[in-house]
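1. show me how the following folds:
(2 chains)
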Amino acid sequence: MNSSNPTSLHPSDKRPISYRHAFEIVYVEDGVDSQRVSEILSLVQPREVIPIHHYKDVFCRPHQDVVLQKQSPALILANKRAPFFYPGAPVCQSFGNEHFYYTSVAMNCLFDCEYCYLQGMYPSGNVVVFLNYQDYLDELNHLLTQHSVYLCLSYDTDLFPLEAISHAISFWLDVASTKENFRMEIRTKAAPKHLRPLPNVYYAFTISPQPVIDAYEHRAASLQNRLQAVKEALAAGCKVRLCFDPMIVVPNWEDIYKEMLQEVLSTVPIEQLSDVSIGSFRISKDYLKILRRVRPDGAIGFYPFRLKDGYYHYPDDTAARMQSLVYDAIASRLPAERIFFDQESL
Amino acid sequence: MIFVFCALYQEASNFISHFHLKRDSSESMFQVFRGGGIILAITGVGKNAASVCVSRILTQERPDGRLESGDLILSFGCAGGLGFAKGEILQVNRIMDSDSRRWSYPDLSIVTDFPQAPLISSGMPVCLDASEEASEGFLYDMEGSALYGAAAYFGGPHQILIFKMVSDALSPDSIDAKGLAALMGANLPPLLEWLEGLVQEESVGDDSVNGLEEQLVRDFHLSAYQSYELHNLLHYCTLSGMDPSPVLQELYDSEALPASDKRKGTKVFEQFKSNLLTSVR
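-> The predicted structure follows:
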C-alpha cells in the first residue's frame, strides 16, 4: 500500500520507503489561538491533525531522526513560554549593536542546510511555529523601557518560506514601524519579493556559491535568485546586509568563491549595501558531535577542525584566507567600517 | 531488521505464514519466529508482558541497546473501539497510558494509506458497559503504551509503528479465538502487502576503506584518539571526493611510512593531515 515513488534517506536503508510531504501531519498544542489554527489548517490541508498537551511532548522526544524529519517535517503549532528574547551568542555578529538579542518565533525551517547548527541544537527536524506574538510584544515593550534593542528575528529558522503560515514577518515589520529605539534583522536563504523598506529593519541575505548551495543548502534559493532579490530590495529602498557566512571549505573552494564574488559584484550595487558580514564555518564542540551523528554522510562536519574555546573552526590560515578573499573583493566598493568579520572563526 | 510484536498467536499467524517465518526454538521465554529480515515475537497479553518481551528480544538482537538505522519495530494487534468498522486496520498516531495519563507520539514520517487513530492502553479490557472512559474515535488495548515505552529505549519514534485491527466495539467477550483468527485472515492482507515492501536487503560494508584504515593505524603507530582522527579524516575524504592515495604514496615513497616508532609516527601523521588539507585548495 505504500506509494510508488520510493526515496531512501539513509545509505544503509535500502527499503523502498516513501516518506510524507512537509506538513502532512500537524500537531496542535492545547491553548493556541483556535482562529489562527483554523486559518493555518485550511491553508496547509494536512492529512492528520493531532492534539498535544505541550509542543515538547513531540519536539523533544529522544532518539529522533532529524535528517528524516527534515525531509518530511511535521508542523507543530504552539505557544512560546518565557523567555521570549535571548542574548546573542558569541559566535553571532552583533554589528556593533550593544543590546543584541535574538528570538525564536519558529524552530527549524523548510530548508535543509547540511551544516546547520540547529541539527545539533534541536532534537527534532520538525517545524514549530509559535503563535502567541502578543506575549513577545509585551516582553519587547518591557525591554524597550530599559534600553534600545537590536533583535535578530530568524536565527533559529528561515521565516520567509513559513510566512504564509506564520505571518511572523508582517507582524514584526508592523512592530518595527512603530518603535524608535528598536532595530531588527531578518536573515534568509530565500529570494523574497516586494520587501517592505523600513529604516530600522535589515534584510540579511546569506550568500553562498552555487556549488555549495547545490551540495549543502537543499531547497534554498539559487545564488542568482538571491542576488536578484537583493537587487530588488535595494531598489525598493530596503536596508540590505550581505552575509558571506558561513564560508565552507570544499574542494577548489578558492575558485568557487572567486566565481561567486564575480557574480555578486556584477549584479549587486555594493555601495548601496548597509553592510557585509564575513565568517567561515564554526560550530560548538557539542553541536559538532551531534551533527556528525545525525549526518554521518555530511562532508562538512568531518573536516579536521581546530578546537578553540569550545568551538570548532577551520585552521587559522584557512579561515584568514577565506575572509581575505571576500574582503579584498568588497573593500574597494564599501567602506571598511561597514564590513564585519566573525572574530570567532579566526 | 523488522521486529514484529503481537500479543496473541492469532494476531501473529498470518505474518508467520505470509513471510514463511520459522520458529526459533533457542528462545524459551517467548515464542519467536524468524526469516527474511523479520523477527516476530509473541508477547502475551498485558503491559508487563509486552515490556519484558520487547526488552528481551531487542537486547538479544541489539546488545548495545540501540537499533540500527534500518531497523523498524512494528506492533500489531487487535483493539476495541467505537466508531470504527470491525476488521478495520488503523495506524496509531498517539498513545496514552491509562495509568500515567501520559501521551506518547510515534513519528508518522513513513507513508501508509491506513487511517489513523489515537490508542489508549490500560491494564484491564475496556468494556462499554463498565467503563466510563470509553470515547468514540479512540482505540483501546492492553499493551500499546508499554510496548512503545520499552521500544523507545532502543529506537527513535520514527522506528516504531503501531497498527491495530478493530476486533470489537468495546465488548471483548463478543469475539473468541477462532473469530479473531478469521477476522485477521480476512483483513490483514493490505498490512502484509505493505510490510512486504519494507523488508530490507542486507547492506554491504566497504571493506577496502577499513583495510586501509587498519594499515594506516599500524604504520603511523596511532593512539586511540589519533585513530579516531584518522577515521574522520578518511571519512571526510570519501564524502568530499578527495583521494588521499597520492599524499600517502609520497610518504611511503620517502620511507616516512611505515614510521619506526610512535613519536615519528605522530610527526608523519601531522604532515599527512597538513598535506592532505593543502590539496583541498
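2. so what's the residue of the stretch 151-300 of chain A found nearest chain B up against?
-> With C-beta to the nearest C-beta, the shortest gap between the stretch 151-300 of chain A and chain B falls at A:Ala299, namely 3.6 Å. C-beta: built from backbone N, CA, C; applies to glycine. Contact partners of A:Ala299, counting by C-beta atoms under 8 Å, 6 or more residues apart in numbering or on different chains, are A:Val250, B:Tyr236, B:Leu239, B:Ser240.
3. tell me the confidence at it?
-> On the pLDDT scale, A:Ala299 is placed at 91.
4. do the same with A:Asp57
-> A:Asp57 is given a pLDDT of 96.
5. can I assume it is in contact with B:Tyr105?
-> Yes. Applying C-beta atoms under 8 Å, one finds A:Asp57 in contact with B:Tyr105, separated by 6.5 Å.
6. that older thread, which ones among the contacts of A:Ala299 map onto helices?
-> B:Tyr236, B:Leu239, B:Ser240 (DSSP state H).
7. can you get me a residue count around the first one?
-> Other residues near B:Tyr236 number 22, with proximity taken as other C-beta atoms under 10 Å in any protein chain shown.
8. now stretch A:197-215, how far from the chain's geometric center?
-> With C-alpha atoms, centre = their mean, to the nearest Å as the basis, stretch A:197-215 stands 10 Å off its chain's centre.
9. then stretch B:255-272?
-> So, by C-alpha atoms, centre = their mean, the centroid of stretch B:255-272 is 43 Å from its chain's centroid.
10. and if you look at stretch B:94-102?
-> Worked out by C-alpha atoms, centre = their mean, stretch B:94-102 lies 22 Å from the chain centre.
11. how about stretch B:78-94?
-> On C-alpha atoms, centre = their mean, the centre of stretch B:78-94 falls 23 Å from the chain's centre.
12. neighbour-wise, which of the contacts of A:Ala299 leads?
-> B:Tyr236 (22 neighbours).
13. dump the residue contacts of the residue nearest to that residue when sequence neighbours are not counted.
-> Distances taken as C-beta to C-beta, 6 or more residues apart in numbering or on different chains put A:Phe302 closest to B:Tyr236, at 3.9 Å, once the chain neighbours are dropped. Contacts here follow C-beta under 8 Å, 6+ apart; on that basis A:Phe302 touches A:Arg292, B:Asn232, B:Leu233, B:His235, B:Tyr236, B:Leu239.
14. turn these into CSV, including pLDDT.
-> Converted to CSV, those look like this (pLDDT from 0 to 100):
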residue, pLDDT
A:Arg292, 91
B:Asn232, 90
B:Leu233, 91
B:His235, 90
B:Tyr236, 90
B:Leu239, 87
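15. just the closest of the residues you listed to A:Thr145, please.
-> Taking C-beta to C-beta as the measure, A:Thr145 sits nearest to A:Arg292 out of the contacts of A:Phe302, at 44.3 Å.
16. okay, now that closest one: neighbour count?
-> 16.
17. low-confidence ranges in the stretch 101-250 of chain B?
-> Flagging of the stretch 101-250 of chain B using pLDDT under 70 yields the residue ranges B:131-133, B:200-209.
18. who in it is up against chain A?
-> Residues of the stretch 101-250 of chain B lying close to chain A by C-beta under 8 Å from any C-beta of the partner chain are B:103, B:105, B:107-114, B:116, B:118, B:152, B:155-159, B:190-191, B:193-194, B:197-201, B:203, B:229, B:232-233, B:235-236, B:239-242.
19. can you go through those and name the buried ones?
-> Buried members of those, scored by 16 or more other C-beta atoms under 10 Å in any protein chain shown, are B:103, B:105, B:107-112, B:114, B:118, B:152, B:155-159, B:191, B:194, B:198-200, B:232-233, B:235-236, B:239-240, B:242.
20. my guess is A:Asp286 contacts A:Gln119. True?
-> No. Between A:Asp286 and A:Gln119 there is no contact under C-beta under 8 Å: 12.0 Å.
21. can you pull out the helices in the stretch 101-250 of chain B?
-> Secondary structure of the stretch 101-250 of chain B by DSSP state H, counting those that start in this stretch: the helices cover B:144-154, B:177-187, B:189-196, B:207-220, B:224-240, B:245-253.
22. go through these and pick out the most buried.
-> Neighbour counts (mean count of other C-beta atoms under 10 Å in any protein chain shown) averaged over each of these peak at helix B:144-154, with a mean of 23.
23. could I have stretch A:157-174 exported to CSV, CA atoms only?
-> Output of stretch A:157-174 as CSV, limited to C-alpha atoms (Å, rounded to 0.1, in the frame of the first residue of the first chain):
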residue,chain,number,x,y,z
THR,A,157,14.6,29.4,11.4
ASP,A,158,14.2,31.0,8.0
LEU,A,159,10.9,32.8,8.2
PHE,A,160,10.3,33.6,4.6
PRO,A,161,9.3,30.1,3.5
LEU,A,162,7.0,30.0,6.5
GLU,A,163,5.4,33.4,6.1
ALA,A,164,2.2,32.2,4.6
ILE,A,165,1.7,30.1,7.7
SER,A,166,3.2,32.2,10.5
HIS,A,167,2.7,35.8,9.3
ALA,A,168,5.6,36.5,11.6
ILE,A,169,7.5,38.8,9.2
SER,A,170,4.5,41.0,8.6
PHE,A,171,3.8,41.1,12.3
TRP,A,172,7.3,42.1,13.2
LEU,A,173,7.6,44.6,10.4
ASP,A,174,4.4,46.3,11.8
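24. show me what counts as buried in it.
-> For stretch A:157-174, burial by neighbour count (16+ other C-beta under 10 Å) applies to A:157-162, A:165-169, A:171-173.
25. save the residues you listed as a markdown table, and put in distance to chain B, secondary structure and pLDDT too.
-> Shown next, in a markdown table, are the buried residues of stretch A:157-174 (distance: C-beta to the nearest C-beta, whole Å; DSSP: H, G, I helix; E, B strand; the rest coil; pLDDT from 0 to 100):
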| residue | distance to chain B | secondary structure | pLDDT |
| --- | --- | --- | --- |
| A:Thr157 | 20 | coil | 95 |
| A:Asp158 | 21 | coil | 96 |
| A:Leu159 | 24 | coil | 97 |
| A:Phe160 | 25 | helix | 96 |
| A:Pro161 | 20 | helix | 95 |
| A:Leu162 | 20 | helix | 95 |
| A:Ile165 | 19 | helix | 95 |
| A:Ser166 | 22 | helix | 95 |
| A:His167 | 26 | coil | 96 |
| A:Ala168 | 25 | helix | 96 |
| A:Ile169 | 28 | helix | 97 |
| A:Phe171 | 29 | helix | 97 |
| A:Trp172 | 31 | helix | 97 |
| A:Leu173 | 34 | helix | 98 |
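26. much appreciated, bye for now.
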